[in-house]
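Asks: From the sequence below, what's the structure:
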Amino acid sequence: INMTDNNLNGILPTELLNLTTMEKIVLADNSVGGLKLEDFTNFLNLEVLDLRGSSMTGNLPTTFESLTNLRKFYISSDLLEGTIARDIGYVTGLQELYIRSPSLSEGSIPSHLGSLTNLAFLSL
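Replies: Alright, predicted model coming up:
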């Protein structure tokens, strides 16, 4: 599903969470909310998750171990909290990682990102 820059706003339906076989979810540059980032950890086939410029709230997922097929993960929101989970290092196929949030700007680059041997693009 790709709904980039469609001027969507409001609450995403929770029924979206029933589509767990999707491989690509792109909701970039829309003012949508209602779902929390951790809700996407049930998408076992997910290869691309792009939520840049969204209004997602909550914490970064505390576990990535179920997202073993994830190749590209992009998120930027002023409303996110938390830290990058240690087990993101288990997503060894991850090639691109983009995480932007003012609450994540403190500290150093987590050492567990060193386990991402296929990572070609990193932006924090």
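
Asks: Under the pLDDT cut-off, which ranges of the protein? List them.
Replies: The chain contains residues with pLDDT under 70 at 5-6, 33-35, 57-58, 61-62, 104-108.

Asks: Tell me both backbone torsions, phi and psi, for the residue nearest to T68 when sequence neighbours are not counted.
Replies: Nearest residue to T68, sequence neighbours excluded (CB to CB, 6 or more residues apart in numbering): V91, at 6.4 Å. All C-beta spots, glycine's among them, are computed from the backbone N, C-alpha and C. Note on V91: backbone dihedrals following degrees, to the nearest 10 are phi -90, psi 70.

Asks: mind listing what's buried in stretch 113-124?
Replies: Going by neighbour count (16 or more other CB atoms under 10 Å), the buried part of stretch 113-124 is 113, 116, 119.

Asks: What separation do you get for the second one and L16?
Replies: Translated: L116. 27 Å (CB to CB, to the nearest Å).

Asks: what do you get for M3?
Replies: Note on M3: its distance to L16, by CB to CB, is 11 Å.

Asks: So these two - more neighbours on which side?
Replies: Legend: neighbour count by other CB atoms under 10 Å for M3 and L16, higher for L16 (18 against 15).

Asks: is it true that that one lies in a helix?
Replies: Yes. Assigned with DSSP: H, G, I helix; E, B strand; the rest coil, L16 falls within a helix.

Asks: Much appreciated, bye for now.
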